[in-house]
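**Q** Let me see the structure of the following:
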Amino acid sequence: MAEEDLPGVLIWDIGGTHGVLEDLATLLKKHFCLVTMKEFLENKREMSKNIQSIFVFECRPTIDRELLESLPNLKVIGNSGVGVDHLDLKMIANFGVKVTNTPHAVADSTADIGMALMLASARRLVEGNVLNFPVSYLLL
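**A** Predicted coordinates for the structure are as follows:
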């Protein structure tokens with residue numbers, strides 16, 4: 001499928017501090033025509049017709065009424081995070097747009113970190129590191 005035949009997805013940027021990770025962008029490009037916010041703002045009239053989705057990564061781009069009004073063919077907003085507190089779901093629904101997220105994406109990682117912190121606290125690992133004691137001394 002040619003790039004112009006692929007559905008357009010609006011993203012903040014590729015790489016950088018707040019952009020979509022480059023590996024993820026490579027995967028997305030196989031199925032979508034990626035449009036950065038900069039490209040979109042430079043040519044709203046032409047770009048807006050092809051954009052059917054917005055991929056929100058690290059709460060960017062900000063979804064507001066002005067953006068939604070400028071995208072007549074928008075069908076879905078895909079949020080890459082767990083929560084959707086940064087999205088006005090009622091306003092988005094009024095435009096007939098669906099919202100997705102990844103509710104369990106970091107559940108295992110969060111549990112792992114929680115367990116690691118409890119074990120580190122119970123075994124005083126942080127204190128041992130600061131005092132330069134061998135870890136085996138603290139485990140006695």
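**Q** Any regions of this protein where pLDDT drops low?
**A** Within the chain, the set of residues satisfying pLDDT under 70 comprises 1-4, 128-140.
**Q** what ranges do the helices span in the protein?
**A** Counting by DSSP state H, the chain has helices at residues 22-29, 37-42, 44-47, 65-69, 89-94, 107-122, 125-131, 135-138.
**Q** Would you check the distance separating the longest one from the middle of the chain?
**A** Between the centre of helix 107-122 and the centre of its chain there are 24 Å (CA atoms, centre = their mean, to the nearest Å).
**Q** Give me the helices and strands touching it, please.
**A** Contact here means 3 or more CB pairs under 8 Å, 6 or more residues apart in numbering; DSSP states H and E; on that basis helix 107-122 packs against no helix or strand. From N, CA and C alone the C-beta is placed, and that goes for glycine too.
**Q** give the contact list for the spatially most central residue of the chain.
**A** Nearest to the centroid of the C-alpha atoms of the chain, with distances taken as CA atoms, centre = their mean, sits residue 57, at 2.6 Å. Contact analysis of residue 57 by CB atoms under 8 Å, 6 or more residues apart in numbering lists 11-12, 18-20, 24, 80.
**Q** would a markdown table of the helices of the chain with distance to residue 101 and mean neighbour count be doable?
**A** Shown next, in a markdown table, are those (distance: least, CB to CB, whole Å; neighbours: other CB atoms under 10 Å):
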| stretch | distance to residue 101 | mean neighbour count |
| --- | --- | --- |
| helix 22-29 | 16 | 14 |
| helix 37-42 | 20 | 14 |
| helix 44-47 | 25 | 12 |
| helix 65-69 | 18 | 13 |
| helix 89-94 | 11 | 12 |
| helix 107-122 | 13 | 10 |
| helix 125-131 | 34 | 13 |
| helix 135-138 | 40 | 11 |
